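A.B. asks: Sequence first, predicted model second:
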Amino acid sequence: ARGEGKASRAELENALEHSIECLREIGLILEKYNTDPAQESRYFSKINELLESYRRVHSLRNAVTEEVPVDLIQNYIDKGLSPDLYTKHRVKNVESLHNQCKGRGDGLRLLRDQLRREMEER
């Protein structure tokens, strides 16, 4: 077994992918449900499989310890935007802050040099 029952990130990802696949299959079953009542047993079987998949995801919840920023979920994922956009915007913000700090540093160096010249003249 794995040390103290710790699950891997890959296992959690597989469980999540299985849950998504179950949801997709349930959607396909429901599309035919009105025209094919024989789908009922398959539908309930797939619902039970989905519930088991959710239980598996829940049992693996400690496999990932990274925290996802709430801003990412609320302003990107919930709105159907790619998480890559979040990363892109964060990088742009960091570059902007870096340039501001660099500008301030350059300004302070110019001030220091100017003060040094004035002190040397006296």
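C.D. replies: Perfect, thanks for sending it.
A.B. asks: quick check: mean pLDDT across whichever strand or helix holds residue 52?
C.D. replies: Using DSSP states H and E, residue 52 falls within helix 39-59. Averaging pLDDT along helix 39-59 yields 91.
A.B. asks: now the closest residue in space to residue 77 that isn't next to it in sequence: how far from residue 52?
C.D. replies: Spatial nearest neighbour of residue 77, excluding adjacent residues (C-beta to C-beta, 6 or more residues apart in numbering): residue 83 at 6.4 Å. All C-beta atoms are positioned from the backbone trio N, CA, C, and that covers glycine. With distances taken as C-beta to C-beta, to the nearest Å, residue 83 is found 28 Å from residue 52.
A.B. asks: Where does pLDDT dip in this protein?
C.D. replies: Along the chain, segments meeting pLDDT under 70 span 1-7, 35-37.
A.B. asks: quick one: the helices in this structure?
C.D. replies: Remark: helices assigned in the chain by DSSP state H are 9-33, 39-59, 70-72, 83-121.
A.B. asks: can you list contacts of the second one?
C.D. replies: Put plainly, it is helix 39-59. For helix 39-59, contacts defined as C-beta atoms under 8 Å, 6 or more residues apart in numbering pick out 7, 12, 15-16, 18-19, 22-23, 25-26, 29-30, 32-33.
A.B. asks: Only whichever of those are buried, select them in ChimeraX.
C.D. replies: Of the contacts of helix 39-59, the buried ones go into a single ChimeraX selection, burial set by 16 or more other C-beta atoms under 10 Å:
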select :7,12,15,18,19,22,26,29
